[in-house]
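Trainee: need the 3D shape of this:
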Amino acid sequence: MVLTLHHLQLLEEDVALKRFKSYKNSVKRVSKIGNVLTLVVFAGI
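Mentor: Numbering: from 1, shown residues only. A predicted model of the protein is given here:
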């Protein structure tokens, strides 16, 4: 199988998408942790 320039570009896009998705997941995780911490602080007051 011969990899053309087009195939390489598609592969690069896939890697970028995976990075973006994992970045979005970590943002969600951080915001959930922030919500939990906020609840703990308010519950402690």
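Trainee: need the pLDDT of Lys28.
Mentor: Looking at Lys28, its pLDDT stands at 91.
Trainee: how about the strands in this protein?
Mentor: With DSSP state E as the criterion, the chain has no strands.
Trainee: any weak-confidence spans in it?
Mentor: Applying pLDDT under 70 to the chain picks out residues 1-3, 8, 45.
Trainee: and if we set it to 90?
Mentor: Within the chain, the stretches with pLDDT under 90 are 1-27, 30, 33-45.
Trainee: hey, C-alpha coordinates of stretch 7-27 in PDB?
Mentor: Output of stretch 7-27 as PDB, limited to C-alpha atoms (Å, rounded to 0.1, in the frame of the first residue of the first chain):
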ATOM      1  CA  HIS A   7      -3.500   9.800   3.400                       C
ATOM      2  CA  LEU A   8      -0.900  11.400   5.600                       C
ATOM      3  CA  GLN A   9      -3.000  14.600   6.000                       C
ATOM      4  CA  LEU A  10      -6.000  12.500   7.000                       C
ATOM      5  CA  LEU A  11      -3.900  10.700   9.600                       C
ATOM      6  CA  GLU A  12      -2.700  14.000  11.000                       C
ATOM      7  CA  GLU A  13      -6.300  15.300  11.200                       C
ATOM      8  CA  ASP A  14      -7.300  12.100  13.100                       C
ATOM      9  CA  VAL A  15      -4.500  12.600  15.700                       C
ATOM     10  CA  ALA A  16      -5.500  16.300  16.100                       C
ATOM     11  CA  LEU A  17      -9.100  15.300  16.700                       C
ATOM     12  CA  LYS A  18      -8.100  12.700  19.300                       C
ATOM     13  CA  ARG A  19      -6.000  15.400  21.100                       C
ATOM     14  CA  PHE A  20      -9.000  17.800  21.000                       C
ATOM     15  CA  LYS A  21     -11.400  15.200  22.300                       C
ATOM     16  CA  SER A  22      -9.100  14.300  25.200                       C
ATOM     17  CA  TYR A  23      -8.700  18.000  25.900                       C
ATOM     18  CA  LYS A  24     -12.400  18.400  26.100                       C
ATOM     19  CA  ASN A  25     -12.800  15.400  28.400                       C
ATOM     20  CA  SER A  26     -10.200  16.800  30.800                       C
ATOM     21  CA  VAL A  27     -11.900  20.200  30.800                       C
END
